[in-house]
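K.L.:
have a look; sequence and predicted model below, questions after that.
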Amino acid sequence: MTSFRSWRALRSETVRTGEVLERHPLPDELLPSHAADGNRVVYRGVGYDGATRAVSGSVFVPVGSAPPSGWPVVSYAHGTTGLADHCAPSRVGLTRGEREHVSRWLAAGYAVAATDYEGLATPGPHPYFHGEAVADDVIDVVRAARDLHDRVGRTWLVAGFSQGGHAALFTGLMASRYAPELDFRGTVALAPPVQLPRLVRILTRFGDRPVSLLLPFLLAGVRDLEARAFLTEIGRDLVDYAGKATLVDMYRAVHGLTNDDAGLTDVHRRPGVEPVLEACRVPVTHMDRPVYITAGTADEIVPAEVVTSFATDLRYAGADVIFDRHDGANHVDLLSAGLDRIIAWATRIVRARTGFDWFDADHDGRLTGDDFAVYALRLVQACGAAPGSVAARAVREGFAALWRAIAAGADGGASGSVDRAEFMRHVETGDGFEREIAALAEAVLRMAESSDSVSAADIASAVRDPGRVDHWLFGV
């Protein structure tokens with residue numbers, strides 16, 4: 001074991017989130033296939049209550065040599081394992097289906113960072129289905145992976161299953177702002193319990209329906225709800241047991257029980273339940289990175305109709321969504337259903353051109369002032385602006401100012417050019433070019449307003465995240 005710093009010292013120290021505090025090599029039996037190395041890590045995170053706290057997880061790197069920019073990362077958000085410390089995947093390993101899923105990402109050349117979520121194997125409660133509380137854990141474990149391995153790159157995406165699909169969608173809502181030094185590319189959500197109020201209504205509307213194992217965990221894990229008052233003795237026993245049971249234990253415990261047996265029929269109608277469920281719902285809004293969602297028509301835990309409705313709503317909100325509905329697939333089947341297609345999609349978005357590639361107009365591997373002048377010329381021409389117009393001059397000056405900022409930060413003015421390594425090093429460790437990018441974005445939007453060939457709306461969607469050097473104008 002290598003101990004970098006005791007987690008007990010967290011509250012008395014100022015440390016960055018994602019900093020590795022401890023690492024423990026994982027035994028071979030807990031390693032997925034295609035993992036060259038695996039470690040259990042304890043890293044610094046932010047708790048449910050906003051205080052600093054330790055969070056644990058696992059980090060796996062693939063076999064083989066890393067690309068020059070480092071291995072891209074999949075932050076894997078696991079499905080429900082239980083609410084107790086002994087259920088944490090970094091202690092007992094991922095379930096067989098999830099381990100096989102992770103091995104496929106490793107085989108495709110991704111490092112995998114998998115948080116346990118706060119409160120599993122570390123002190124404090126686990127905020128079950130509190131997406132905002134666990135999303136930062138999912139992001140900070142990527143920082144931990146980079147802290148642990150210098151061959152892990154800054155490009156990453158999140159993939160989650162079941163409870164983890166819920167967490168993954170919350171992660172996608174906040175990732176690019178929470179960790180701007182990382183290059184977040186997209187979200188994969190497999191069987192996500194998204195519209196929790198509707199989901200619970202479906203699972204409990206018939207008294208003779210079998211008890212869903214999701215419900216005891218949900219009622220035990222939601223801290224703002226006292227469920228015992230409206231449950232039967234069987235239901236109370238199930239909720240008490242959920243606080244210490246593993247997923248397999250709960251499968252056995254609910255076997256043969258109905259909603260009527262447990263007092264769960266129409267549980268959403270009980271006092272205080274609906275507001276709590278609503279607070280766990282994934283918001284429907286525009287997401288600034290692509291999203292891939294899957295559902296199965298035979299899913300007994302998260303019915304396909306719930307996920308289908310959510311994916312449709314997300315599209316209407318302007319998100320870039322791919323939705324796969326797999327006929328005959330049950331809940332666990334979705335860990336493997338269509339996975340080749342998902343990985344191919346992820347690889348396309350991960351390999352998308354970076355800011356360096358877009359600005360390197362002559363493709364010689366070095367940025368110069370001429371590259372930025374050429375880019376400005378092309379954009380002015382694409383918008384049909386008069387070369388001598390105020391708008392065109394502002395765009396050209398914006399590109400020139402951006403080049404000066406990049407050259408000063410990455411090259412120091414020494415050679416008059418910046419290579420890829422210098423550019424990426426400054427993006428990762430420097431102050432960035434946010435001011436220059438924001439000013440240039442405004443100039444481009446003003447020019448687009450009078451353009452007949454490029455709409456201001458199109459450019460506005462491309463510049464919605466001007467603090468990112470590699471994602472702002474490159475879809476135009």
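P.N.:
Arrived safely, thanks for sending.
K.L.:
how far away from the center of its chain is the strand or helix carrying Asp340?
P.N.:
Secondary structure here is read from DSSP states H and E; on that basis Asp340 sits in helix 339-350. Relative to its parent chain, helix 339-350 has a centroid offset of 15 Å by CA atoms, centre = their mean, to the nearest Å.
K.L.:
so where do the strands sit in the stretch 251-400 of the chain?
P.N.:
Remark: strands assigned in the stretch 251-400 of the chain by DSSP state E, counting those that start in this stretch are 291-296, 321-326, 366-367.
K.L.:
could you dump these to a markdown table with mean neighbour count and distance to Ser450?
P.N.:
Glycine gets a C-beta too; all of them are placed from N, C-alpha and C. Output for the strands of the stretch 251-400 of the chain, formatted as a markdown table (neighbours: other CB atoms under 10 Å; distance: least, CB to CB, whole Å):
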| stretch | mean neighbour count | distance to Ser450 |
| --- | --- | --- |
| strand 291-296 | 25 | 34 |
| strand 321-326 | 18 | 32 |
| strand 366-367 | 22 | 30 |
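K.L.:
can you redo those as a markdown table with mean pLDDT?
P.N.:
Putting the strands of the stretch 251-400 of the chain into a markdown table (pLDDT from 0 to 100) gives the following:
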| stretch | mean pLDDT |
| --- | --- |
| strand 291-296 | 97 |
| strand 321-326 | 96 |
| strand 366-367 | 86 |
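K.L.:
could you identify the helix or strand that succeeds whichever helix or strand Ser58 is part of?
P.N.:
Secondary structure from DSSP H and E places Ser58 in strand 52-62. The helix or strand immediately downstream of strand 52-62 is strand 71-77, counting by DSSP H and E.
K.L.:
who touches that next one?
P.N.:
Contacts of strand 71-77 with the rest of the structure, by CB atoms under 8 Å, 6 or more residues apart in numbering, involve 61-62, 98, 101-102, 105, 109-115, 117, 134, 138-139, 141-142, 145-146, 151-153, 155-161, 163-165, 167-168, 171, 346, 350.
K.L.:
and Leu218, how far from Arg201?
P.N.:
Distance, Leu218 to Arg201, by CB to CB, to the nearest Å: 13 Å.
K.L.:
three-state assignment of Val42?
P.N.:
strand (DSSP: H, G, I helix; E, B strand; the rest coil).
K.L.:
so it is in contact with Glu19, correct?
P.N.:
No. Judged on CB atoms under 8 Å, Val42 makes no contact with Glu19 at a distance of 10.0 Å.
K.L.:
more neighbours, those two?
P.N.:
Taking neighbours as other CB atoms under 10 Å, Val42 and Glu19 compare with Val42 leading, 24 against 17.
K.L.:
next one: the residue lying closest to that one once chain neighbours are set aside from Phe60, what distance?
P.N.:
Closest residue in space to Val42, ignoring its immediate chain neighbours: Glu22 at 4.1 Å, by CB to CB, 6 or more residues apart in numbering. Separation of Glu22 from Phe60 (CB to CB): 17 Å.
K.L.:
between those two, who's got more neighbours?
P.N.:
Phe60 (26 against 18).
K.L.:
any idea of the pLDDT on that one?
P.N.:
With respect to pLDDT, Phe60 scores 98.
K.L.:
now do stretch 163-180, average pLDDT.
P.N.:
pLDDT averaged over stretch 163-180 gives 93.
K.L.:
list the buried residues for that stretch?
P.N.:
For stretch 163-180, a neighbour-count test (16 or more other CB atoms under 10 Å) marks 163-176, 178-179 as buried.
K.L.:
farthest-separated two in the residues you listed?
P.N.:
Gln163 and Ser176 (22.8 Å; CB to CB).
K.L.:
nearest approach to Asp333 belongs to which of the strands of the stretch 251-400 of the chain?
P.N.:
strand 291-296 (5.7 Å).
K.L.:
got the contact list for that closest one?
P.N.:
165, 169, 172, 186-192, 302, 304, 306-308, 310-311, 314, 319-326, 328-331, 333-334, 337-338, 342, 345-346.
K.L.:
which strands and helices lie in contact with the helix or strand containing Pro216?
P.N.:
In this assignment (DSSP H and E), Pro216 forms part of helix 214-221. The contact analysis (3 or more CB pairs under 8 Å, 6 or more residues apart in numbering; DSSP states H and E) places helix 214-221 against helix 196-204, helix 233-242, helix 247-254.
K.L.:
any stretches of the stretch 301-450 of the chain with poor pLDDT?
P.N.:
352-355, 357, 411-414, 424-425, 427-432 (pLDDT under 70).
K.L.:
how about a cut-off of 90?
P.N.:
318, 348-367, 371-389, 391-392, 402, 404-450 (pLDDT under 90).
K.L.:
which stretches in it count as helices?
P.N.:
304-316, 339-350, 355-359, 369-383, 390-406, 420-429, 434-449 (DSSP state H, counting those that start in this stretch).
K.L.:
tabulate the ones you listed (TSV), appending distance to Leu196 and mean neighbour count.
P.N.:
Shown next, in TSV, are the helices of the stretch 301-450 of the chain (distance: least, CB to CB, whole Å; neighbours: other CB atoms under 10 Å):
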stretch	distance to Leu196	mean neighbour count
helix 304-316	9	19
helix 339-350	24	16
helix 355-359	38	19
helix 369-383	45	18
helix 390-406	44	19
helix 420-429	37	17
helix 434-449	36	19
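K.L.:
so which of these is nearest Arg205?
P.N.:
Here helix 304-316 is closest among the helices of the stretch 301-450 of the chain (CB to CB), at 12.8 Å.
K.L.:
give me the buried subset of the contacts of strand 71-77.
P.N.:
For the contacts of strand 71-77, buried by 16+ other CB under 10 Å: 61-62, 98, 101-102, 105, 109-115, 117, 134, 138-139, 141-142, 145-146, 152-153, 155-161, 163-165, 167-168, 171, 346, 350.
K.L.:
let's see which of these end up in strands.
P.N.:
61-62, 111-115, 152-153, 155-161 (DSSP state E).
K.L.:
pick the one among these closest to Tyr251.
P.N.:
Of these, the one sitting nearest to Tyr251 (CB to CB) turns out to be Phe161, at 16.2 Å.
K.L.:
distance of the closest one from Gly243?
P.N.:
22 Å.
K.L.:
any idea which residue sits dead centre in the chain?
P.N.:
In the chain, the residue lying closest to the centroid (CA atoms, centre = their mean) is Val158, at 3.5 Å.
K.L.:
so Cys175 touches Asp140, yeah?
P.N.:
Cys isn't right for residue 175; it's Ala. No. With contacts counted by CB under 8 Å, Ala175 stays clear of Asp140, the gap being 10.9 Å.
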